[in-house]
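In: Sequence plus the predicted model coming up.
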Amino acid sequence: MTGRVFDIQRFCTHDGPGVRTTVFLKGCPLRCAWCHNPESQRAADELLFHRTRCIGCGVCDEACPYRDARRTLRDAALRRERCGGCSRCADACPTGAIERVGRDMTVGQVMEEVRGDVSYFRHSGGGVTLSGGEPMAQFRFTAALLEALRREGIHTAIETSGQGRLSDFLRAQPMTDLWLWDVKSLDGELYEKYTGLPLAAMLDNLRAVHRAGGNVLLRSIFIPELHDNAAHAGALADLLDGLDGVKVEYVAYHRLGISKLEKLGLPACGPAFRPPSAEEIRRFGARVDGLLKKRRAGSF
């Protein structure tokens, strides 16, 4: 059983409890305008061009077997339509200016890397988080990896957009100790506009996993232009009111994804959003908490 992985990060502290190893799976059905990891969206291997590392030696041109793709790496990041995807340029580059993103790994290979951190998991209450991309987009591999982790007593978490087949979520639920569930927007029109998919499926999957006993933490992206308003605060309070025991944390938008788009040779895919301040997030969170208390007290 193999899956497409684009990174494995050790010693993570923001992807669930304790010290964690996060396995990033490649491929995602969403096309979020603010995506922090645009290199994760396509399932296929891709090349990142780090312009500041390039010394102009021309080794990549000599290594490239696709004549039409030569001399385009340094001129325009990477002309993806001309690239055959062999990655010979990345292998030849002496400075790491060209980076291959994506590799096929077996469950055994991932487990071999993860086992080196088991002592940290046990001492900190950590484990392994599957992220992406969207882990449920490679469900067979995700399920096999969850089974392997559970057999070895390793805490499991999935960071998900909530998009995918309901049957897959319900099958993964008994093997998942924690769901980190992304909330992009709770306005159906805005959700579809900025992600490319309908909101209803995400909400249906969320409620079904919660009913099945899932341990869920909502992770709500916070972009002031889209989320700092009464409508979103009210919708989030309503959602939490219907999910007993579920809490929310806020994820601040940042602009690192823009530089990654440039390295991929792609244009910016959405408006120029503004990163929020810590105070803006604090105020919004307090607003949601206040609304939730009123709803649960029965006074509106």
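Out: Alright, I've got the coordinates. What you see is a predicted model, and the numbers here were worked out from it, not measured in a lab.
In: contacts, neighbours, all on C-alpha from now
Out: Fine.
In: Mind listing the strands the strand ranked longest in the chain pairs with, and their directions?
Out: In terms of residue count, the longest strand belonging to the chain (DSSP state E) is strand 2-12. Sheet pairing for strand 2-12, assigned by DSSP bridges, gives strand 20-25 (antiparallel), strand 103-106 (antiparallel).
In: Could you identify which of those is most buried?
Out: Among those, the stretch with the highest mean neighbour count (mean count of other CA atoms under 10 Å) is strand 20-25, at a mean of 26.
In: Give me the packing partners of the next helix or strand after that strand, helices and strands only.
Out: Counting by DSSP states H and E, the next helix or strand C-terminal to strand 20-25 is strand 46-49. Contacts defined by 3 or more CA pairs under 8 Å, 6 or more residues apart in numbering; DSSP states H and E place strand 46-49 against strand 98-101, helix 256-264.
In: Residue 237 is nearest to which of those?
Out: Between residue 237 and the helices and strands packed on strand 46-49, the shortest gap by CA to CA is with helix 256-264, which sits at 28.8 Å.
In: Please compute how far the closest one lies from its chain's middle.
Out: From the chain centre to the centre of helix 256-264 is a distance of 15 Å (CA atoms, centre = their mean, to the nearest Å).
In: Could you list every helix and strand in contact with it?
Out: Applying 3+ CA pairs under 8 Å, 6+ apart, one finds that helix 256-264 makes contact with strand 46-49.
In: Give me the sheet partners of the strand it packs on and which way each runs.
Out: strand 98-101 (antiparallel).
In: any idea of the mean pLDDT for the partner strand?
Out: Per-region confidence: strand 98-101 scores 90 on mean pLDDT.
In: Kindly report the same for stretch 132-151.
Out: Stretch 132-151 comes out at a mean pLDDT of 97.
In: repeat for stretch 50-66
Out: Mean predicted confidence for stretch 50-66 is 87.
In: Ends of it, what's the gap?
Out: 21 Å (CA to CA, to the nearest Å).
In: next one: stretch 141-161
Out: Start-to-end, stretch 141-161 (CA to CA) is 17 Å.
In: go on, stretch 88-108?
Out: 26 Å.
In: cool, stretch 173-187 as well?
Out: 26 Å.
In: still on that earlier bit, which of the helices and strands packed on strand 46-49 sits closest to residue 183?
Out: That would be helix 256-264 among the helices and strands packed on strand 46-49, by CA to CA, at 18.1 Å.
In: Could I get the buried residue list for the closest one?
Out: 257-258, 260-264 (16 or more other CA atoms under 10 Å).
In: Which single one of the residues you listed is nearest to residue 101?
Out: Comparing those against residue 101 with CA to CA places residue 264 closest, at 10.0 Å.
In: I'd like to know how far that closest one sits from residue 279.
Out: 33 Å.
In: quick one on the thing from earlier: of the strands paired with strand 2-12, which is nearest residue 121?
Out: strand 20-25 (6.6 Å).
In: and residue 213, which of the three is it?
Out: coil (DSSP: H, G, I helix; E, B strand; the rest coil).
In: just the one 5 residues further on next, same as before
Out: Assigned state for residue 218: strand (three-state reduction, three-state DSSP).
In: what's the spacing between residue 207 and residue 239?
Out: Residue 207 is 10 Å from residue 239, by CA to CA.
In: Residue 19 too?
Out: Taking CA to CA, one finds residue 19 at 30 Å from residue 239.
In: of these two, who's got more company?
Out: Between residue 19 and residue 239, counted using other CA atoms under 10 Å, the more crowded position is residue 19 (24 against 16).
In: list the contacts for that one?
Out: Listed by CA atoms under 8 Å, 6 or more residues apart in numbering, the contact partners of residue 19 are 11-13, 120-121, 124-127.
In: Please produce JSON lines containing those residues, extended by neighbour count and distance to residue 296.
Out: Putting the contacts of residue 19 into JSON lines (neighbours: other CA atoms under 10 Å; distance: CA to CA, whole Å) gives the following:
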{"residue": "11", "neighbour count": "15", "distance to residue 296": "38"}
{"residue": "12", "neighbour count": "17", "distance to residue 296": "35"}
{"residue": "13", "neighbour count": "13", "distance to residue 296": "32"}
{"residue": "120", "neighbour count": "17", "distance to residue 296": "39"}
{"residue": "121", "neighbour count": "21", "distance to residue 296": "37"}
{"residue": "124", "neighbour count": "13", "distance to residue 296": "34"}
{"residue": "125", "neighbour count": "15", "distance to residue 296": "32"}
{"residue": "126", "neighbour count": "26", "distance to residue 296": "33"}
{"residue": "127", "neighbour count": "29", "distance to residue 296": "34"}
